[in-house]
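Q: Show me the folded form of this:
(one chain, ligands or ions: 2)
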Amino acid sequence: MSDTVESVIVAIDGPSGTGKSSTSKAVAAKLGLSYLDTGAQYRAITWWMLSNGIDVDDAAAVADASGKPVILSGTDPSHPTITVDGVDASGPIRTQEVTSAVSAVSAVPEVRSRITELQRSIAASAPLGIVVEGRDIGTTVLPDADLKIFLTASAEARAARRAGELKGADVAATREALVRRDAADSSRKTSPLAKADDAVEVDTTDLTLQQVVECVVTLVDERRAGVQ
Ligand SMILES: Nc1ncnc2c1ncn2[C@@H]1O[C@H](COP(=O)(O)OP(=O)(O)OP(=O)(O)O)[C@@H](O)[C@H]1O
Ligand SMILES: Nc1ccn([C@@H]2O[C@H](COP(=O)(O)O)[C@@H](O)[C@H]2O)c(=O)n1
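A: Ligands and ions are numbered 1, 2, ... in the order given. As a prediction, the model looks like this:
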């Protein structure tokens, strides 16, 4: 009998604020896997467009420029990093300006094909496996993932979580902004936010983060043991 553990690929998708990043980082850390935040990559390319004077509502201009920035993602779950042209982008990609513009940029097919290629090559080179989180990982980026999870939560719970993070933010305005972003991400033509047919749906509304992490770790263990 061998002691080697086979590499595993876990895809975690879902709308904004459902807990994808927190869950994915914790699961990857617990299982010794790499971690990739694909939303950070779309934010990074959006930040580059804004910084370089590209009109993000001009899809042709965004498409033309989409090959220019060099985006690098560090995949250690305890210290994920992202750089654009060698510059640390982890702070700037979280600004309101980027959050408001990212859905327009991520809807451009040339942006998606470039970032998807990057994501696949990162996943293929993860030594022990990887947890990749986003909107289209199970449907488009890694359709052969060993385990696909689709996280959901009520808009109220998600808004309360986000408003708690952005101290003093108005919950109703936060709810409206995340519902608007989800609608844009779900309705774009190219690989919209969607649950893969074979994904396990986990409603996190009434679960603590720890409960969600335990649930996903159990599902990974079951897949590794060959349980369906
Ligand atoms: N099950 C949970 N219960 C309570 N709070 C949670 C839970 N999961 C995550 N959170 C909190 O909700 C907030 C949003 O979580 P997180 O950033 O992981 O979501 P996300 O799905 O990655 O969001 P986005 O797609 O917008 O990046 C964070 O403050 C996180 O600590
Ligand atoms: N696989 C993905 C991941 C993200 N996006 C786009 O990026 C935005 C930001 O994502 P966060 O997870 O950081 O909130 C998101 O709203 C999508 O527009 C995507 O298209 N595909």
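Q: Which residues does stretch 179-196 contact?
A: Residues outside stretch 179-196 that contact it (CB atoms under 8 Å, 6 or more residues apart in numbering) are 11, 13-16, 99, 102-104, 106-107, 109, 112, 116, 135-136, 138-141, 143, 148, 150, 155, 201. (C-beta placed from N, C-alpha, C; glycine too.)
Q: Please tell me how far stretch 42-58 is from the chain's geometric centre.
A: Centroid separation for stretch 42-58 versus its chain: 18 Å, with CA atoms, centre = their mean, to the nearest Å.
Q: low-scoring stretches of the protein, by residue?
A: 1-5, 228 (pLDDT under 70).
Q: Next up, the contacts around the residue nearest the centre of it.
A: The chain has G134 as the residue nearest its centroid, 2.6 Å off, counting by CA atoms, centre = their mean. Residues counted as contacts of G134 (CB under 8 Å, 6+ apart) are I12, D13, K20, D37, T38, G39, Q119, V141.
Q: likewise P143?
A: Here P143 is in contact with A196 (criterion: CB under 8 Å, 6+ apart).
Q: Check the secondary structure at it for me.
A: Going by DSSP: H, G, I helix; E, B strand; the rest coil, the secondary structure assigned to P143 is coil.
Q: Ramachandran coordinates for it?
A: phi -60, psi -20 (degrees, to the nearest 10).
Q: Over to A11?
A: Dihedral angles for A11 - degrees, to the nearest 10 - are phi -110, psi 130.
Q: and the gap between it and ligand 2?
A: Distance, A11 to ligand 2, by CB to the nearest ligand atom, to the nearest Å: 10 Å.
Q: just H79 next, same as before
A: 17 Å.
Q: and if you look at I115?
A: Taking CB to the nearest ligand atom, one finds I115 at 8 Å from ligand 2.
Q: which SSE is that residue in?
A: With secondary structure defined by DSSP states H and E, I115 is part of helix 109-124.
Q: and the chain, which residues reach ligand 1?
A: By CB under 6 Å from any ligand atom, the residues of the chain that approach ligand 1 are 14, 16-22, 39, 161, 165, 204, 207-209, 212.
Q: do that again at 8 Å, thanks
A: Contact residues, the chain versus ligand 1 (CB under 8 Å from any ligand atom): 14-25, 37, 39, 133, 135, 151, 153, 157-158, 161-162, 164-165, 178, 181, 204, 207-209, 211-212.
Q: Which among these count as buried?
A: With neighbours counted by 16 or more other CB atoms under 10 Å, the residues of the chain next to ligand 1 contain buried members at 14-21, 23-25, 37, 39, 133, 135, 151, 153, 157-158, 161-162, 178, 181, 204, 207, 212.
Q: Packing partners of the strand or helix carrying A160?
A: If you go by DSSP H and E, A160 is part of helix 155-165. Applying 3 or more CB pairs under 8 Å, 6 or more residues apart in numbering; DSSP states H and E, one finds that helix 155-165 makes contact with helix 171-187.
Q: ok, and does stretch 135-143 reach over to ligand 2?
A: Yes - remark: stretch 135-143 sits within contact range of ligand 2 at R135, D136, I137, V141, by CB under 8 Å from any ligand atom.
Q: Of these - the most surrounded one?
A: I137 (30 neighbours; other CB atoms under 10 Å).
Q: is it true that that residue touches I9?
A: No - counting by CB atoms under 8 Å, I137 stays clear of I9, with 9.3 Å between them.
Q: Quick check: neighbours shared by the two?
A: A145.
Q: host element of A26?
A: helix 20-31.
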